[in-house]
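Undergrad: Okay, here's the prediction I keep looking at, along with the sequence it came from:
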There are 2 protein chains.
Amino acid sequence: MANQGKSRQPKYQRIADALKSAIEAGEYGPGDRLPGENDLMATYEVARMTARQAIGVLQSEGLAEARKGAGVFVRDFRPLRRQGIKRLSQEQWGNGRSIWAADIDGRTLEVDQVTVTEQSAPERIAHVLDLQTGDAVCMRSRRFVLDGKPVLLATSYLPADLVAGSPITQKDTGPGGIYARLGELGHKPVHFREEIRSRMPSQDEADTLQLTMGTPVILVCRTAFAAGGHPVEVNEMTLDSASYVLEYAFDA
Amino acid sequence: MANQGKSRQPKYQRIADALKSAIEAGEYGPGDRLPGENDLMATYEVARMTARQAIGVLQSEGLAEARKGAGVFVRDFRPLRRQGIKRLSQEQWGNGRSIWAADIDGRTLEVDQVTVTEQSAPERIAHVLDLQTGDAVCMRSRRFVLDGKPVLLATSYLPADLVAGSPITQKDTGPGGIYARLGELGHKPVHFREEIRSRMPSQDEADTLQLTMGTPVILVCRTAFAAGGHPVEVNEMTLDSASYVLEYAFDA
């Protein structure tokens, strides 16, 4: 009778709880290898399926990640810090530095899978950019890869009329990127809005960002406004939540 | 041979894709009931387990949610909009209005499970509040419930010395809340930092927020600073990602 309360939880859940407590207590640190199925079977005298389920709980809560052939490890959360305000201030992009420079602290952030196309504005984009559905937009997609791991997908939309013939329509937008070029075109962004949500990834997103099980994505939709409140760019970003902390600082 | 490429995907994945396309095309709108296991079995001539797996994909991606005894429905994303900057400006809390008033647009947001205790500062909190680990802090926990659905858990920590004897140590902090009281105590918050990340919930969090499958949480850690850069409050918030969009707006 004494352990009846305890027995109410399924066995795998109790093993998962024990592992979680050990992680919280620092017994297993970030990046450490956790006991495998065989270890758990021996320690707790349970069947392989039970051991596997216990590990599955930690994976689906994003506390642990499996590496092929190597075992299951405590997730190492060493995130990029993305500073919403400081990062976009003119000091950053006004003098030709990338808006991403503030993020990487000496780690190597590479951009790949760059595509630039002209196409009809999807309805939601047309709505934000004050266009008619179907008006032409310049669409720029790219992926950011940190130390070999994809961490962010970004797709920018700009009114095609506004950027026609400028380097914004080229793969390489030049020093300072899109915002410096918009400034040269007389449409300097002076105000930004970022909207943030989170959800589980689609299979495509999970593949492209190489997400492990139990990893949500953070969606950031940034709108850049030029003087007079004219929207000049919408940037839809999809972030690996295990790779990012977003930071916003502001005065009262 | 013609459909060999198509056959490569497991059947349940192809059914899930078809349902997703139908949702994207607007064939099933937010809150609409999706075909059940029996419907899918008949339409696609598959076994119950295959139909169940297809629905499971939509659930785990957060596109659909099961309601007990009623079926599976397209998730209705009608989020609260939480404005990080406008919401915390002095106009909001300087004259006695709740900082939450900006969020709810006429819907009913209730606070429950309020607890106020004095305890030793956990290490991470002591670090941010410039205290020694173990120094006393006033800890205020509460849950926010919108139209009967819990949407946010918040736990604030304030240096116990700073708030001793004030209404901040009571369940009801009075009009304008913690920040108005801090002002009266001579520690008016003038600067805020919010740090945001996302992960899957623990079982406890999923229970307390009544999260459906495939719903991550958003973590917001807000630090309030008084003049001179003194940190006066840390507020750790856990948000139902299906209920919130966070918004930050700022000038370049």
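TA: Structure's in. What do you need?
Undergrad: burial count for residue A:218?
TA: Using other Cβ atoms under 10 Å in any protein chain shown, the number of residues around residue A:218 comes to 26. Just so you know, the C-beta spots here come from the backbone N, C-alpha and C atoms, and that holds for glycine as well.
Undergrad: just the one 4 residues further on next, same as before
TA: For residue A:222, the count of nearby residues is 20 (other Cβ under 10 Å).
Undergrad: Would you mind measuring from it to chain B?
TA: Separation of residue A:222 from chain B (Cβ to the nearest Cβ, to the nearest Å) stands at 10 Å.
Undergrad: and that residue, what is it in contact with?
TA: By Cβ atoms under 8 Å, 6 or more residues apart in numbering or on different chains, the residues touching residue A:222 are A:192-195, A:233-235, A:237.
Undergrad: Mind listing the residues bridging to it?
TA: residue A:194, residue A:235 (DSSP bridges).
Undergrad: What pLDDT is listed against it?
TA: Residue A:222 carries a pLDDT value of 93.
Undergrad: related to what we said a few turns ago, from the contacts of residue A:222, pick the one nearest residue A:247.
TA: Distance to residue A:247 across those (Cβ to Cβ) is lowest for residue A:194, with 11.5 Å.
Undergrad: ok, that closest one - contacts?
TA: A:84, A:220-222, B:247-249.
Undergrad: Run a quick neighbour tally on the residue of chain A found nearest chain B.
TA: Nearest residue of chain A to chain B (Cβ to the nearest Cβ) works out as residue A:216 at 3.5 Å. Neighbours of residue A:216 under the rule other Cβ under 10 Å: 27.
Undergrad: between the contacts of residue A:194, which is closest to residue B:164?
TA: Nearest to residue B:164 among those is residue B:248, at 33.9 Å by Cβ to Cβ.
Undergrad: where does the closest one land in three-state SS?
TA: Three-state call for residue B:248 (DSSP: H, G, I helix; E, B strand; the rest coil): strand.
Undergrad: before we move on, back to that, would you reformat the contacts of residue A:222 as JSON lines and include pLDDT?
TA: Output for those, formatted as JSON lines (pLDDT from 0 to 100):
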{"residue": "A:192", "pLDDT": "90"}
{"residue": "A:193", "pLDDT": "89"}
{"residue": "A:194", "pLDDT": "91"}
{"residue": "A:195", "pLDDT": "90"}
{"residue": "A:233", "pLDDT": "96"}
{"residue": "A:234", "pLDDT": "95"}
{"residue": "A:235", "pLDDT": "95"}
{"residue": "A:237", "pLDDT": "96"}
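Undergrad: Pipe these into a markdown table and attach distance to residue A:29 per row.
TA: Below are the contacts of residue A:222 laid out as a markdown table (distance: Cβ to Cβ, whole Å):
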| residue | distance to residue A:29 |
| --- | --- |
| A:192 | 38 |
| A:193 | 39 |
| A:194 | 33 |
| A:195 | 35 |
| A:233 | 42 |
| A:234 | 41 |
| A:235 | 36 |
| A:237 | 31 |
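Undergrad: out of these, which is most surrounded?
TA: Counting neighbours by other Cβ under 10 Å, residue A:233 leads those with 27 neighbours.
Undergrad: wouldn't that residue be in contact with residue A:226 here?
TA: No: if you go by Cβ atoms under 8 Å, residue A:233 and residue A:226 don't touch, sitting 9.3 Å apart.
Undergrad: Walking through chain A, point out its strands one by one.
TA: A:64-67, A:71-74, A:80-83, A:109-120, A:136-146, A:149-159, A:189-199, A:217-226, A:230-240, A:244-251 (DSSP state E).
Undergrad: if you average pLDDT over each of those, which comes out lowest?
TA: Note on those: strand A:80-83 shows the lowest mean pLDDT, a mean of 76.
Undergrad: Mind giving me the packing neighbours of it?
TA: Packing partners of strand A:80-83 (3 or more Cβ pairs under 8 Å, 6 or more residues apart in numbering or on different chains; DSSP states H and E): strand A:244-251.
Undergrad: For the strand it packs on, what is the distance to the chain centroid?
TA: Offset of strand A:244-251 from its chain centre (Cα atoms, centre = their mean, to the nearest Å): 15 Å.
Undergrad: what helices or strands is it leaning on?
TA: Short answer (3+ Cβ pairs under 8 Å, 6+ apart): strand A:244-251 packs on strand A:80-83, strand A:217-226, strand B:189-199, strand B:244-251.
Undergrad: quick one on the thing from earlier: from the contacts of residue A:222, which single one is nearest residue A:77?
TA: residue A:237 (19.6 Å).
Undergrad: How about the residue of chain A closest to chain B, nearest residue that isn't a chain neighbour?
TA: Leaving aside its chain neighbours, residue A:216 sits nearest to residue B:216 (3.5 Å; criterion: Cβ to Cβ, 6 or more residues apart in numbering or on different chains).
Undergrad: before we move on, what about residue A:36?
TA: In space, and not counting its chain neighbours, residue A:36 is closest to residue A:71: 5.4 Å by Cβ to Cβ, 6+ apart.
Undergrad: same deal with residue A:28?
TA: Spatial nearest neighbour of residue A:28, excluding adjacent residues (Cβ to Cβ, 6+ apart): residue A:74 at 5.0 Å.
Undergrad: Contacts only, for the one you found.
TA: A:23, A:28-32, A:34, A:63-64.
Undergrad: Now do residue A:177: how many residues are near it, please.
TA: Neighbours of residue A:177 (other Cβ under 10 Å): 20.
Undergrad: now swap in the one 3 residues further on and tell me
TA: Neighbour count for residue A:180, taken as other Cβ under 10 Å: 21.
Undergrad: Looks like it contacts residue A:174 (just checking).
TA: Yes: using Cβ under 8 Å, residue A:180 makes contact with residue A:174 at a distance of 7.3 Å.
Undergrad: domain parsing for chain A?
TA: Chain A is divided into the following domains under automatic domain parsing: A:2-74, A:80-247.
Undergrad: Just name the most buried of those domains.
TA: Among these, ranked by average contacts under mean count of other Cβ atoms under 10 Å in any protein chain shown, first place goes to domain A:80-247 (a mean of 18).
Undergrad: That domain: how far from the chain's middle?
TA: With Cα atoms, centre = their mean, you get 12 Å for domain A:80-247.
Undergrad: gap between the two ends of that domain?
TA: End-to-end span of domain A:80-247 (Cα to Cα, to the nearest Å): 10 Å.
Undergrad: Could I get the contacting residues of residue A:225?
TA: Here residue A:225 is in contact with A:189-193, A:231-232 (Cβ under 8 Å, 6+ apart).
Undergrad: same thing but at 7 Å, please
TA: A:189-191, A:231-232 (Cβ atoms under 7 Å, 6 or more residues apart in numbering or on different chains).
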